[in-house]
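Colleague: What follows is a predicted structure for the sequence shown.
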Amino acid sequence: MATAHFKLRPVAVDFVLKDKVYQALKAAISAMDIYGENEPPRLDERQIGEELGVSRTPVREALSRLEQEGLIQTIPRRGAFVVRKTKREIIEMIHVWAALESMAARLATQQASDEALLKVRVQMASFEDPQLADGHLDEYSDANIRFHQAIIALGGSGLIADIADGLFINMRAVRARTIGERDRMSRSVIDHSHIIRAIEGRQTELAERLVREHTLNLARHVEEYVDYLK
């Protein structure tokens, strides 16, 4: 079984080493295509330690912490693997995300600053034309993830942000994998434009509804067309 390839950089050795290793490893897992292969990605302690420039002890501690969070699973005599969710679990997670992000959008219309909203619009400005976005799938996929993170942040609720963070790794993986399927990117560009306009216009009910419907459309897509999830 192939070992997962990480994008890691050496971390500085100091009294917060184990936290830095944990954060680096979690960030690397967050950026992985969890559902890109038939088997869950395998994590190699030795490889991770070498790439981070640390011993295997803090790596084991980080892996243990990630296992407690339900992000990885250690299988005796086989190693550690990134946990992949079932199709039903993914759909349930999307439903929860829809509730969280739509409430964040509602709060954003009431308290987000004009400067913060302008920043989100500027970030998405390069992809306002669906035809132009279509030629830059990878770039749009990353921008799409940042957009949904931005909506959560604009809501200004630490609790919503914390709960969403627990869903983020799998949500990111599913969004990235499905954005190029069945013209979802073009519809995403249009939806984002309407959502930004509603929040900028302080249209609370509309913004909440648009965000909720946008995310629930992802759930419907997964239900109907995603056959690579069991």
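Modeller: Structure received. Numbers count the residues shown, from 1 in each chain.
Colleague: Buried ones in stretch 73-84, by neighbour count?
Modeller: Burial within stretch 73-84, assessed by neighbour count using 16 or more other C-beta atoms under 10 Å, is assigned to 79, 80, 81, 82, 83, 84. To be clear about C-beta, it is placed using only N, CA and C from the backbone, and glycine gets the same treatment.
Colleague: Compute the first-to-last residue distance for it.
Modeller: The first and final residues of stretch 73-84 sit 10 Å from each other (C-alpha to C-alpha, to the nearest Å).
Colleague: Distance from that stretch to the middle of the chain?
Modeller: Computed by C-alpha atoms, centre = their mean, to the nearest Å, the separation of stretch 73-84 from the middle of its chain amounts to 22 Å.
Colleague: Can you tell me how far the most centrally placed residue in the chain is from residue 61?
Modeller: Among the residues of the chain, residue 172 comes closest to the average C-alpha position under C-alpha atoms, centre = their mean, at 2.6 Å. Here the distance between residue 172 and residue 61 works out to 25 Å (C-beta to C-beta, to the nearest Å).
Colleague: Residues contacting the helix or strand containing residue 59 from elsewhere in the structure, which ones?
Modeller: Element membership for residue 59 (DSSP states H and E) is helix 56-68. Taking C-beta atoms under 8 Å, 6 or more residues apart in numbering as the criterion, the residues outside helix 56-68 that touch it are 17-18, 21-22, 25-26, 29, 43, 45-46, 48-49, 52, 72-74, 80.
Colleague: could I get that helix in CSV with only the CA atoms?
Modeller: As requested, C-alpha coordinates have been extracted for helix 56-68 and formatted as CSV (Å, rounded to 0.1, in the frame of the first residue of the first chain):
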residue,chain,number,x,y,z
ARG,A,56,9.7,10.0,15.9
THR,A,57,8.6,10.7,19.5
PRO,A,58,6.8,14.1,18.8
VAL,A,59,5.4,12.5,15.6
ARG,A,60,3.9,9.7,17.6
GLU,A,61,2.4,12.2,20.1
ALA,A,62,0.9,14.2,17.2
LEU,A,63,-0.6,11.1,15.7
SER,A,64,-2.0,10.0,19.0
ARG,A,65,-3.6,13.5,19.4
LEU,A,66,-5.1,13.3,15.9
GLU,A,67,-6.4,9.8,16.6
GLN,A,68,-8.2,11.2,19.7
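Colleague: List the buried residues of the lengthiest helix in the chain.
Modeller: Ranked by residue count and defined by DSSP state H, the top helix of the chain is helix 87-111. Counting neighbours by 16+ other C-beta under 10 Å, one finds that the buried residues in helix 87-111 are 90-91, 93-94, 97-98, 100-109.
Colleague: ok, so of these, who is nearest residue 125?
Modeller: Nearest to residue 125 out of those is residue 108 (C-beta to C-beta; 18.6 Å).
Colleague: Tell me how far the spatially closest residue to that closest one that is not a sequence neighbour lies from residue 36.
Modeller: In space, residue 108 comes closest to residue 154 once its chain neighbours are excluded; the distance is 3.7 Å by C-beta to C-beta, 6 or more residues apart in numbering. With distances defined as C-beta to C-beta, the gap from residue 154 to residue 36 amounts to 30 Å.
Colleague: Domain map for the chain?
Modeller: For the chain, automatic domain parsing gives the domain ranges 17-82, 87-225.
Colleague: so which of these comes closest to residue 8?
Modeller: With C-beta to C-beta as the criterion, residue 8 lies closest to domain 17-82 of the domains of the chain, at 4.2 Å.
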